[in-house]
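Enquirer: Make a model of this:
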Amino acid sequence: MCPDCGERKPAGEFAAKKRSADGLHTYCKKCNTARGVRSATRLYGSTRGYHLMRRYGLTDEEVRAQTALQRGLCAICREAPAAHVDHDHTSGRARGMLCFNCNGGLGQFFDDPVRLSRAIDYLKGARWKTELEAPGVYRLCS
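Expert: Below you'll find the model as predicted:
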């Protein structure tokens with residue numbers, strides 16, 4: 001029985017918890033989620049505030065200030081709203097605020113400047129070409 005909602009529910013309605021005697025959380029999944037949201041809101045202002053602090057060590061106010069410095073726009077494309085914290089995957093430190101597409105694009109290129117530089121060259125038209133070295137033998141050159 002869940003102490004919050006007072007309902008008697010099957011074990012499947014309770015999350016697993018290894019450290020408890022019966023292996024289940026005290027509160028049902030729905031009530032446990034609601035408790036988590038209330039705690040995050042009380043301690044960090046929102047669940048987003050909790051996420052920002054836990055993941056990047058930033059307060060919601062710091063994120064708003066950085067977004068304001070960027071005039072609310074993505075630091076890369078400067079067109080779309082800056083809604084996502086960009087961070088260095090090696091150090092974990094935040095770099096700035098990006099739009100969804102630019103943030104995802106950096107991730108797809110693994111934050112690698114060499115790959116990004118090659119992508120720029122590719123977009124500028126420096127594509128791989130083949131040269132005939134001998135009959136039937138081609139060499140790739142850029």
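Enquirer: for the lengthiest helix in the chain, what is the average pLDDT?
Expert: Longest helix in the chain, counting residues (DSSP state H): helix 29-44. For helix 29-44, mean pLDDT is 97.
Enquirer: Name the next helix or strand following that helix along the chain.
Expert: Counting by DSSP states H and E, the element after helix 29-44 in chain order, helix or strand, is helix 47-56.
Enquirer: now for that following helix, which elements pack on it?
Expert: helix 29-44, helix 60-69, strand 84-87 (3 or more CB pairs under 8 Å, 6 or more residues apart in numbering; DSSP states H and E). Every C-beta, even on glycine, is put in place using the N, C-alpha and C of the backbone.
Enquirer: winner for burial among the ones you listed?
Expert: strand 84-87 (a mean of 19; mean count of other CB atoms under 10 Å).
Enquirer: Pull out the buried residues from the helix or strand that that strand is followed by.
Expert: Remark: after strand 84-87, the chain's next helix or strand is strand 94-98, criterion DSSP H and E. Buried residues in strand 94-98, counting neighbours by 16 or more other CB atoms under 10 Å, are found at 94, 96-98.
Enquirer: a markdown table for those residues, including pLDDT and distance to T41?
Expert: Output for those, formatted as a markdown table (pLDDT from 0 to 100; distance: CB to CB, whole Å):
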| residue | pLDDT | distance to T41 |
| --- | --- | --- |
| A94 | 95 | 22 |
| G96 | 96 | 26 |
| M97 | 98 | 23 |
| L98 | 98 | 26 |
